[in-house]
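# mind folding the following:
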Amino acid sequence: MPRHHPPALLLLLASLVVAPAMQAVAGTAIGESIWDRSNARDRALQSVPAGAQIVSTNCQSVEVGTGNYHYICRITYTDPAPQSPPTNR
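Down below sits the predicted model:
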């Protein structure tokens, strides 16, 4: 029996290909979980660099089987301001 992929899953896979190109303007972190959206968001937040500001958070649930969901959160953030090197006096 052929396996059909839900449109949301195909859209997510396409966004993963495009995401690296967006990182020149801002960074993107993606977290995934089988537990819940909150866990997926927390996993994405772990990849956000210190000092960066979160611009947007987008979470989706994708049904991967009857009653089974996979949660995916994408966080877009500004690049943190570069820190000045310490001066030697």
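# for the rest of this, base every contact and every neighbour count on C-alpha atoms.
Noted.
# so for stretch 71-89, mean pLDDT?
Average pLDDT, stretch 71-89: 83.
# what's it in contact with?
Applying CA atoms under 8 Å, 6 or more residues apart in numbering, the contact partners of stretch 71-89 are 25-37, 40-41, 44-45, 48-62.
# and if you look at stretch 42-52?
By CA under 8 Å, 6+ apart, stretch 42-52 touches 27-32, 73-75, 77-81.
# quick one: end-to-end length of that stretch, please.
For stretch 42-52, the first-to-last residue distance is 15 Å (CA to CA, to the nearest Å).
# by contact count, what packs against the biggest strand by length in the chain?
Counting by DSSP state E, the longest strand found in the chain is strand 54-65. In terms of contacts (3 or more CA pairs under 8 Å, 6 or more residues apart in numbering; DSSP states H and E), strand 54-65 is packed against helix 37-45, strand 68-77.
# can I get these in a markdown table including mean neighbour count?
Below are the helices and strands packed on strand 54-65 laid out as a markdown table (neighbours: other CA atoms under 10 Å):
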| stretch | mean neighbour count |
| --- | --- |
| helix 37-45 | 19 |
| strand 68-77 | 20 |
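# alright, I will stop here.
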